[in-house]
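Chemist: Take a look and give me a structure for this.
(2 chains)
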Amino acid sequence: MIRWGQQRLMALLWLIVVLGVTLAAVRQGPAFDTSLMALLPATEQRPEIRQAVDQLSAEFSGQVLLVVSADDRDTARQAVAIAAERLEGLSDIASIDWRLNDSAMVSNELYPFRFTVLSEAVRNRLLVGQGQQQYQAALQQLFSPLSGRALDPIGDPFALYADLQMSRQSSLQITLEQGLFRLTASDKPAYLIRLDLHPDPFSLPIQQRVLAVVDPLDQALTSLGAQLFRSGLIWHAAAGAQQAKSEISTIGLGSILGITLLILLVFRRFSALGAVLLPVLIGCLMASAVTLLSFANIHLITLAFGAGLVGVSVDYALHFMCERQVQPADKVVKKLFAGLFLGLASSVIAYAGLALAPFPGLRQMAVFSVTGLIAAWLTVLLWLPLINRGASHQTLPCAALLNRWRKRYPHLESQPLLVAGFVIVGLISLIIIGHGQPQDDVRLLQTSSAELLNEDRRVQQLLGNSSSATFLLITANSVEAVLQTEERLRSHLDGMVNTSELDGYQALSQMLPSRQRQVENSQLARELYRQHLPELATVLHFSETQLEATEAALRQGLSQPLTPSVWRHLATSEGWRQLLVSDSSGAAASVIRFTGTLNPALKAQLTLLADAESGVYWVDRVANITDLLSDYRQQIVQWLLVAYGLVIALLAVRYRYDLWRIILPPLMASLITFAALILSDGGYNLFNLIALMLVLGIGLDMGIFLYEAADSEHTWLAVSLSAITSLLAFGLLTFSQTPVLYHFGVIVLPGLCLVWLIAPLMRRLQPEIKE
Amino acid sequence: MLGLLLGWSMIGQAADFTLLESLTSAPQTLQGRFTQVKLVKALDARFESSGHFDYQRDSSIRWHTLEPIDNLLTLTPQTISNQQGTTVLSKLDSQQNPVVAVFSDIFFGVMTAQWQTLAEYFEMNVEGSKQYWTVTLIPIDSSVEQVVAKVELRGDELLREVLLFEATGDQTQIKFLDLQP
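Modeler: Residues are numbered from 1 along each chain as shown, chains lettered A, B, ... in the order given. Predicted coordinates:
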């Protein structure tokens, strides 16, 4: 009776834990992550590179860009007004930029720096001694009918400021048209609306709120004859969440439905169904909750992997229920404990190893799987005996049926031909695997649809935005040193732009010249005045006082350097500020971003350029991701081997020479499936390998239970049911639209089929003779 | 007369263009002389210049200042180039530079009477008769507003005078003489 009480106490404790963790997770709210970046290792090669990347992606993640376009200007402008009005409803979670008020434009904040910050064209002209041209241009302005700029004969007779303004405006692909941001790169009238989301774009409620406004807006604009294009992480996150949701509901529901039918068919009572599904449910719940609590959001790929958990965790319940058919509950626990424990231990070892790899993606999968398995296991041991206190039932008809079929199955030991066949197939598989080519393509991780990606790319093209995935990182001990390095690099980059190799680039020093360059500029300006001001003054009929005023303005301007701290507070630094990724005492860093697509030759050239300067790095995130996938893959291969080793060591303690009976089914199944995959797909990837871990985990369970139960017919039933349920879970995964899930299913489906077919060959001869 | 007024107000803006187009005609090609006076407020001085011009509707305008400096300004819908003697001082592409595009639009609009284009940047008021009319342009576009306060165009069957009031207080007066379509 005391034991009974203890059991109830433990069950109650477990209930409290489950409720507590779930509540905590619910309070935090669900959040899905689909971004590639989330899978990247925490320790990127250099801290400054990581900081640059973090800063760029943080800036990027909350940014939502909408482009409204139509065939005619009036419709497009009307559409922008409608869009702005509807988006106003999001003003509590986002700041919305769709027009500029006039006061911001009129401020000539750079005017005081007209002698220290020169336009590139003027600077080059003065550098080669062509001050005469600047003088002629100033004269021309005086007599031109096209007075695009205001004359400022005293403050700026050579119109240096007007040139600076003109050059700044032409570097953007956005112009102001009656207050709206018009995109000049679009053939049709197109306007930009920018939203900055304050909260996390991965949060589902935020996504829903934004979608609830933008989706109907899209329809409204379409009926008006206008179009809406979207760009921003939130659309990918929302689409990812949508896809995860729909696949969880089709694949997840499909497998649950299949399992339900199967259980009802076999056990012929509803209580069995509850007993089988309860541990799975608790397992998934706890896995999601703990993952959410420890990682803040769940990655789509983790959820995919989690689907596999259903297949594994249902095993414990199935074994309990099958054995329960013929024995009372407390005896079942006693009898099954060794098998259940070893099954759990081997699976936990296989999954926990993933956490050792320095990749957050794998770590999340490990936490998810291990938590889920342990929770399902505890639920079986603590709760099932309590809710299954009724009398024992009788032998299940299908157990006998399955067992009859299995008895006709050959023994491996008594079939030398079969042994030879195994050896040959195994060797051929090994040879094929040895020749298999790994495929580490970024597209494996791409969960967004091509449509969404194209729309995004289109918006970015219209904006002339560069990708945030490739850039030059410039580091030095001060902002001044960073700017000087940039200016040295830019002379090369300008050469590449002039020969049209490079479309363009954005660098901080284009807006904020180094102090050194500003000194040079002011010398050039002083020289221009010295040579040409007297002539100009004559033409302009300057009085003595006017000439003095002009010279005083020059002197004052020359002593006006544009310092980084002043620049940062100017409105013109908007959109450029984030290029300066760090500025602390003794360490500063900036990035140079590129426009257009960069071909491999150009990338090689930029790499050379970076290598030639100390403190300059070429960062290519896409290439990094490919490297990363390859790293992950190598780590998984190593871990797979280590996991086999550990599991063999653990099981050898108990099974000694009979170990091969347990190891061989998953091993052979893995080898054959993997070889077949390489033959049909021409290569393999990371996710195929992760799937092999699962084949090992589930395959071992089957072997262990069969051995532990001495091949009783109800154990064979449980093993068969577990194989079929796993197939239901993974077989459907093969139909997933998400590449990762597909690559997963394509291994697990045939792998588990093979384990199930091979496992009965391994049974001992003895018990059969006894029977 | 009443019917005419009603008709105008009902047709609204479109009627404005029709009215303007009926007042002034812009021939396919035109050439002539010009004199220009610019009043620069900061210097309290006036600068006179003169020369000749010609245009091909929709394709190019050549503005050749001969006195006191020799300067040739050539506008096409795509570019504005500026030549002093044989040296090209600048060549700006309106596809790449939105500011250039705006001023190219306005100059073409004024010179070749493209009211529809001008309406994108200005609110227009018409006064007078076919014999002597004045059109006043007030900017509605903020980028234009920064530079231009008001433009007045005067003419009979052809444009005869342009008065440009800049935001800084400077003024430019251009008169056209010896016009030959």
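
Chemist: the longest helix in chain B is where?
Modeler: Longest helix of chain B, by residue count under DSSP state H: helix B:98-111.

Chemist: contacting residues around it?
Modeler: A:145-146, A:148, A:166, A:169-170, A:175, A:182, A:184, B:26, B:55, B:58, B:61, B:75, B:77, B:80, B:92-95, B:114-115, B:117-118, B:120-121, B:141, B:143-144, B:151, B:153, B:159, B:162 (C-beta atoms under 8 Å, 6 or more residues apart in numbering or on different chains). In this view, the C-beta of every residue, glycine as well, is placed from N, C-alpha and C.

Chemist: List buried residues within the residues you listed.
Modeler: Burial by neighbour count, 16 or more other C-beta atoms under 10 Å in any protein chain shown: within the contacts of helix B:98-111 this picks out A:145-146, A:148, A:166, A:169-170, A:175, A:182, A:184, B:26, B:55, B:61, B:75, B:80, B:92, B:94, B:114-115, B:118, B:120-121, B:141, B:143-144, B:151, B:153, B:159, B:162.

Chemist: before we move on, back to that, what are the buried residues along the longest helix of chain B?
Modeler: By neighbour count with 16+ other C-beta under 10 Å, helix B:98-111 contains the buried residues B:98-111.

Chemist: tell me the least confident of these?
Modeler: Of all the buried residues of helix B:98-111, residue B:98 has the smallest pLDDT value, namely 64.

Chemist: secondary structure element for residue A:48?
Modeler: Element membership of residue A:48, judged by DSSP states H and E, is helix A:47-61.

Chemist: Likewise for residue A:553?
Modeler: helix A:544-558.

Chemist: So the residue in chain A positioned nearest to chain B, which state does it fall into?
Modeler: Among all residues of chain A, residue A:175 sits closest to chain B, at 3.3 Å; criterion: C-beta to the nearest C-beta. Following DSSP: H, G, I helix; E, B strand; the rest coil, the label given to residue A:175 is strand.

Chemist: Am I right that it is in contact with residue B:143?
Modeler: Yes - when contacts are counted by C-beta atoms under 8 Å, residue A:175 is listed as touching residue B:143 (7.5 Å).

Chemist: Model confidence at residue A:216, what's the number?
Modeler: Among the per-residue scores, residue A:216 shows a pLDDT of 92.

Chemist: So what's the residue count around it?
Modeler: By other C-beta atoms under 10 Å in any protein chain shown, the residues close to residue A:216 number 11.

Chemist: gap between it and residue A:288?
Modeler: In this view, residue A:216 and residue A:288 are 31 Å apart by C-beta to C-beta, to the nearest Å.

Chemist: repeat for residue B:32
Modeler: 82 Å.

Chemist: tell me which residues of stretch A:396-407 are tucked away?
Modeler: For stretch A:396-407, by 16+ other C-beta under 10 Å, it's A:396, A:398, A:399, A:402, A:403, A:406.

Chemist: any idea which element the fourth one lies in?
Modeler: Same thing as residue A:402. Assigned by DSSP H and E, residue A:402 belongs to helix A:397-407.

Chemist: Identify the residues contacting the next helix or strand after that helix?
Modeler: Sequence order places helix A:416-435 as the next helix or strand after helix A:397-407, per DSSP H and E. Contact partners of helix A:416-435, identified using C-beta under 8 Å, 6+ apart, comprise A:410, A:412, A:664, A:668, A:671, A:672, A:674, A:675, A:678, A:679, A:761.

Chemist: average model confidence for stretch B:152-162?
Modeler: The average pLDDT within stretch B:152-162 is 89.

Chemist: can you give me the end-to-end distance of that stretch?
Modeler: One end of stretch B:152-162 to the other measures 6 Å (C-alpha to C-alpha, to the nearest Å).

Chemist: So for it, what gets flagged as buried?
Modeler: B:153, B:154, B:155, B:159, B:160, B:162.

Chemist: From the chain's centroid, how far away is it?
Modeler: Distance, stretch centre to chain centre, for stretch B:152-162: 10 Å (C-alpha atoms, centre = their mean, to the nearest Å).

Chemist: I'd like the buried residues of helix B:98-111 as JSON lines, with distance to residue A:537 appended.
Modeler: What follows is the buried residues of helix B:98-111, written out as JSON lines (distance: C-beta to C-beta, whole Å):
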{"residue": "B:98", "distance to residue A:537": "34"}
{"residue": "B:99", "distance to residue A:537": "28"}
{"residue": "B:100", "distance to residue A:537": "29"}
{"residue": "B:101", "distance to residue A:537": "34"}
{"residue": "B:102", "distance to residue A:537": "32"}
{"residue": "B:103", "distance to residue A:537": "28"}
{"residue": "B:104", "distance to residue A:537": "32"}
{"residue": "B:105", "distance to residue A:537": "35"}
{"residue": "B:106", "distance to residue A:537": "31"}
{"residue": "B:107", "distance to residue A:537": "30"}
{"residue": "B:108", "distance to residue A:537": "35"}
{"residue": "B:109", "distance to residue A:537": "36"}
{"residue": "B:110", "distance to residue A:537": "32"}
{"residue": "B:111", "distance to residue A:537": "33"}
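
Chemist: mind checking the SS state of residue B:47?
Modeler: State at residue B:47, reduced to three classes by three-state DSSP: strand.

Chemist: Tell me who's in contact with it.
Modeler: Per C-beta under 8 Å, 6+ apart, neighbours of residue B:47: A:142, A:143, B:37, B:38, B:40.

Chemist: now with 6 Å?
Modeler: A:142, B:38 (C-beta atoms under 6 Å, 6 or more residues apart in numbering or on different chains).

Chemist: So for it, what's the pLDDT?
Modeler: 88.

Chemist: Now do it against residue A:547, distance only.
Modeler: 17 Å.

Chemist: Go through the helix of greatest length in chain A and flag the buried ones.
Modeler: Longest helix in chain A by number of residues (criterion: DSSP H): helix A:621-655. Within helix A:621-655, the residues scored as buried using 16+ other C-beta under 10 Å are A:621, A:624-625, A:628-629, A:631-633, A:635-636, A:639-640, A:643-644, A:646-648, A:651, A:655.

Chemist: quick one, helices of the stretch 51-200 of chain A?
Modeler: Here the stretch 51-200 of chain A has its helices, by DSSP state H, counting those that start in this stretch, at A:73-87, A:102-106, A:120-127, A:131-143, A:160-170.

Chemist: Check which helices and strands the first one is in contact with.
Modeler: Packing contacts for helix A:73-87, counted by 3 or more C-beta pairs under 6 Å, 6 or more residues apart in numbering or on different chains; DSSP states H and E, involve strand A:63-70, helix A:204-224.

Chemist: relative to helix A:204-224, how tilted is that helix?
Modeler: With axes from the mean of the first three to the mean of the last three C-alpha atoms, to 10 degrees applied, the angle from helix A:73-87 to helix A:204-224 works out at 150 degrees.
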